[in-house]
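Q: pasting a predicted model and its sequence here:
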Amino acid sequence: MTRRAAVLATFALLALAAGVASPAVPPAQGPAVAVVVGRDVALADLSLPDLRRILLGDRQFWGDRTRITVLVPPPGSPERAVVLRVIFRMRESEYRQYWIAKIFRAEVTSGPRVAGADQAKRLVDATPGAIALIPASAVDGSVKVLRVNGIGPGQAGYALR
């Protein structure tokens, strides 16, 4: 075996030992997170890319020109971890920096509001155009649940887990 082949074999073994070359492991799933809106919002379904644009402030109005008010789970909650991983694909620090930069560039007037499930349901019910992310287990008749990519929170293949 040549020196080069020995070095390559060593790197390959180290990569395997470190898990770099192992098959991709699906990310851990968290609790199902429901996307809820007030009954005034004339949607039943959003694609994941559309939801991402709304939650990142790139889309600020519904089709009827009603301003979208975004409510996100509090930092440290399991639902926030799901949202950061699945929708934003960011760590908490990157998410905060994203919004600071967006506000600084005057692309938005403020970032999303932080609200726990009960407060989010009350705000969604009282604020025209509001959208919130809450634990699917907290959903009740006061809010309308949107499907994501045609799939609801209790169904197989739901993206927000």
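A: Arrived safely, thanks for sending. Residues are numbered from 1 along each chain as shown.
Q: use CA for all of it now, contacts and neighbours both
A: Will do.
Q: would I134 count as being in a strand?
A: Yes: assessed by DSSP: H, G, I helix; E, B strand; the rest coil, I134 belongs to a strand.
Q: element containing the closest residue to V83 other than its chain neighbours?
A: Closest residue to V83 apart from its sequence neighbours, by C-alpha to C-alpha, 6 or more residues apart in numbering: L160 at 7.2 Å. Using DSSP states H and E, L160 sits within no helix or strand.
Q: now the end-to-end length of stretch 61-70.
A: Stretch 61-70 has its terminal residues 11 Å apart, counting by C-alpha to C-alpha, to the nearest Å.
Q: which stretches of this protein form strands?
A: 33-37, 45-46, 69-72, 113-114, 130-135, 144-148 (DSSP state E).
Q: spell out which strands sit alongside the third one in the sheet and which way each one runs.
A: Here strand 69-72 has these sheet partners by DSSP bridges: strand 113-114 (parallel), strand 130-135 (parallel).
Q: same question, the second one
A: Its sheet considered, strand 45-46 pairs with strand 144-148 (parallel) by DSSP bridges.
Q: in PDB, list the C-alpha atoms belonging to the partner strand.
A: Coordinates of each C-alpha in strand 144-148 appear next as PDB, following Å, rounded to 0.1, in the frame of the first residue of the first chain:
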ATOM      1  CA  LYS A 144     -58.800  27.500  12.700                       C
ATOM      2  CA  VAL A 145     -56.000  25.000  12.000                       C
ATOM      3  CA  LEU A 146     -54.200  25.200   8.600                       C
ATOM      4  CA  ARG A 147     -52.900  22.200   6.900                       C
ATOM      5  CA  VAL A 148     -49.300  22.300   5.800                       C
END
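Q: quick one: mean pLDDT for that strand?
A: Mean pLDDT, strand 144-148: 96.
Q: tell me what angle it forms with strand 33-37.
A: Put simply, strand 144-148 runs at 120 degrees to strand 33-37, going by axes from the mean of the first three to the mean of the last three C-alpha atoms, to 10 degrees.
Q: and L46, what does it touch?
A: 146-150 (C-alpha atoms under 8 Å, 6 or more residues apart in numbering).
Q: oh, that last question was meant for R161, not what I typed.
A: R161 is in contact with 29-33, 82, 86, counting by C-alpha under 8 Å, 6+ apart.
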